[in-house]
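Asks: Sequence plus the predicted model coming up.
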Amino acid sequence: HVPQGPVCTNLGLKPGQRLTVKGKIGQNAKSFALNLGQDPTLLGLHFNPRFDAHGDANTIVCNSKKVEEWGAEHREAVFPFQKGGTAEITFVVNQNDVTVHLPGHQFTFPNRLNLPVFDYFDTQGDFTLQSLSWE
């Protein structure tokens with residue numbers, strides 16, 4: 001796991017708070033990932049849109065990771081991303097899950113690790129972070 005953009009720690013996101021991520025997707029993007037968790041070893045949400053990676057085409061795959069152990073993959077049928085385009089994704093932290101807001105779509109992913117607070121965020125893959133805001 002090698003973050004390729006800025007790494008944020010001490011975010012302090014608690015239930016009722018949100019994190020909005022804006023960025024640019026690479027022209028020849030294969031996939032990118034946004035990771036949210038306690039630290040790099042405890043990821044409550046690995047958000048991984050795949051244009052063409054690991055046998056998936058235009059699919060969003062979400063998962064959680066505890067040290068080196070990945071959970072069960074969760075797939076979303078909707079794919080509102082375009083190569084070379086911009087992306088705006090908002091993560092809303094709730095008591096037992098995280099709601100992911102995409103353009104025209106939203107879904108929830110359970111807080112499998114029961115993290116009381118999300119302190120850590122990073123990006124991987126074909127994605128250039130432009131702005132990060134939380135409230």
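Replies: Arrived safely.

Asks: The spatially closest residue to Q17 that is not a sequence neighbour: what's it in contact with?
Replies: Leaving aside its chain neighbours, Q17 sits nearest to V93 (5.4 Å; criterion: Cβ to Cβ, 6 or more residues apart in numbering). C-betas here are computed from N, CA, C, even on glycine. Neighbouring residues of V93 by Cβ atoms under 8 Å, 6 or more residues apart in numbering: 13-19, 118.

Asks: cool, S133 as well?
Replies: With contact set as Cβ under 8 Å, 6+ apart, S133 has these partners: 19-20.

Asks: host element of it?
Replies: Counting by DSSP states H and E, the element that carries S133 is strand 127-134.

Asks: Just the CA atoms of that strand, as CSV, please.
Replies: Extracted in CSV, the C-alpha atoms of strand 127-134 (Å, rounded to 0.1, in the frame of the first residue of the first chain):
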residue,chain,number,x,y,z
PHE,A,127,-6.1,10.4,-9.2
THR,A,128,-4.7,13.9,-8.4
LEU,A,129,-6.2,15.4,-5.3
GLN,A,130,-7.3,19.0,-5.8
SER,A,131,-9.1,19.8,-2.6
LEU,A,132,-10.1,18.2,0.6
SER,A,133,-12.7,19.7,3.0
TRP,A,134,-14.4,18.5,6.1
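
Asks: so how far is it off the chain centroid?
Replies: Remark: strand 127-134 is offset 12 Å from the chain centroid, using Cα atoms, centre = their mean, to the nearest Å.

Asks: quick one: the strands in the chain?
Replies: Using DSSP state E, the strands found in the chain span residues 18-25, 32-39, 42-53, 56-66, 69-70, 74-76, 86-93, 97-102, 105-110, 120-125, 127-134.
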